Structures are given as C-alpha cells and as structure tokens.
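Enquirer: Provide a 3D model corresponding to the input given below.
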Amino acid sequence: MKHLLFKMIITLIMLLGLFSCGGENNTASTATSTRDAVTNGTTYGTNATVSADINQLKTRYPCQGGSRFDIPFYTSSVASDTTIMGPFIAGRLSGTVAQTYVGMSVFNDLMIVTRQSNGYNVILSMCSYGVLLKPGRHYSQFTAPYGIVLYSHTTKSFSSVDAAQDTILLADQYNSGSIYYPQGQAITTFFRIP
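Expert: Modelled structure (predicted):
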C-alpha cells in the first residue's frame, strides 16, 4: 500500500512539474482561428498578402486526421547566402522580416522560414501524429543536419524552402495520465511546394 501511495505521489509531482514548466517558445501551440498564419501575434511575412497565401497553403494541404500546430525556432548562423545550418534555438527573433520562404513535407507539414535583420526564424507547422507530434507536447531541439536550402524568386509573395533533408525535431518525454512516453524524434524532409 505504501509503495502504491509513493508511486502516486511521485506521479503527481511529475505531472505538476510537466504542466508548470516550459513556455511558449518551445511548446507546441495550435493556430485555430482565421489568423492561422500568425503565431503569438506575429505574422510570418512582411505583409498581409504573405500571411493570406500561407493560410491558403494550409487549406490546400490540410493535415490528414489531425490538427496543425506551430513550433518556432531561430538561428543567427548561416552557412551561405542560400543555406542555413543552425544551431536552432527554441523561440523566435523579433525585428523586421526581409523575406519569407515556405516548404512542405509529404505529410503536409509546412516549414516557414523568415529572414530577419539578425538571423532566421524557422516555424515548423506540423500535423499531429499520435503522441509524437501533438499540441501541448514539449519540443526542445531542432536540427537540420544537411542545412535548409533557400531559393529566392519573385513569382509568388513568398520564396521557397528548396530542400531540408532529414530534419530532426526532438520531442521530450511525455506523460499522459498514467502512461509515460519516452523522448522521441520526428525526422522530416521538406521540399519546394509544387
């Protein structure tokens, strides 16, 4: 009986810690209004046209059997004029957006990259997938081992994420009631939107 009570107390303490820790910078948030191209009140692009076009992409490429949620990261490091490598830090840079790039995965996940005056924001607009990818789960790390290749063009309101092969999003350990889910990785490749 004491052993069961001890387990319940430990579980309660862990749950309290889970719900009291973390912040908006590295916890998935759901965009549910008509302002889908907005995370924490900041638009992805430099104007309303870019935001509207991103909303149209979310409608044209809906999530299959799940909701979409955004996870922001940023970097101040660049490998070249067309490739960013990271390291990526949870959160976002403030400042003026100079250019917006968008790519997608075969699962209809979107990668929105904004070039700021002091670096790049990378917003992963992910489709829910079981307990690995879900709103409310904590995501602490993002890596792009082969870089994020950007392609600038003037035929659309935004430019393209040309390639981001085998990106890794680290999902921290997660408790759902009495069920424990260990740390996991979502490996996703993004490419230019057709």
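Enquirer: same question for the strand ranked longest in the chain, mean pLDDT?
Expert: Longest strand in the chain by number of residues, with DSSP state E as the criterion: strand 159-171. Averaged across strand 159-171, pLDDT comes to 96.
Enquirer: show me the contacts for Asp172.
Expert: For Asp172, the contacting residues are 137-140, 183, by CB atoms under 8 Å, 6 or more residues apart in numbering. Backbone N, C-alpha and C define where each C-beta goes, glycine included.
Enquirer: of all the residues you listed, which comes closest to Tyr120?
Expert: Nearest to Tyr120 among those, counting by CB to CB, is Tyr139 at 17.7 Å.
Enquirer: returning to what we had before: same for the longest strand of the chain, what does it pack against?
Expert: strand 97-104, strand 110-116, strand 139-143, strand 148-151, strand 184-192 (3 or more CB pairs under 8 Å, 6 or more residues apart in numbering; DSSP states H and E).
Enquirer: quick check, pLDDT for Ser29.
Expert: 39.
Enquirer: wasn't Ala52 part of a strand?
Expert: No: according to DSSP: H, G, I helix; E, B strand; the rest coil, Ala52 belongs to no strand; its state is helix.
Enquirer: quick one on the thing from earlier: the contacts of Asp172, buried ones only, as a ChimeraX selection?
Expert: Buried members of the contacts of Asp172, defined by 16 or more other CB atoms under 10 Å, are picked up in ChimeraX with:
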select :137,138,139
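Enquirer: and the longest strand of the chain, which strands flank it?
Expert: Taking DSSP bridges as the criterion, strand 159-171 forms sheet pairs with strand 97-104 (parallel), strand 139-143 (antiparallel), strand 148-151 (antiparallel), strand 184-192 (antiparallel).
Enquirer: Tyr74 is nearest to which of the helices and strands packed on strand 159-171?
Expert: Between these, strand 110-116 lies closest to Tyr74; by CB to CB that is 8.0 Å.
Enquirer: dump the residue contacts of the closest residue to Pro182 other than its chain neighbours.
Expert: Of all residues beyond its chain neighbours, the one nearest Pro182 is Gln173 (5.5 Å), with distances taken as CB to CB, 6 or more residues apart in numbering. Residues in contact with Gln173 (CB under 8 Å, 6+ apart) are 180-183.
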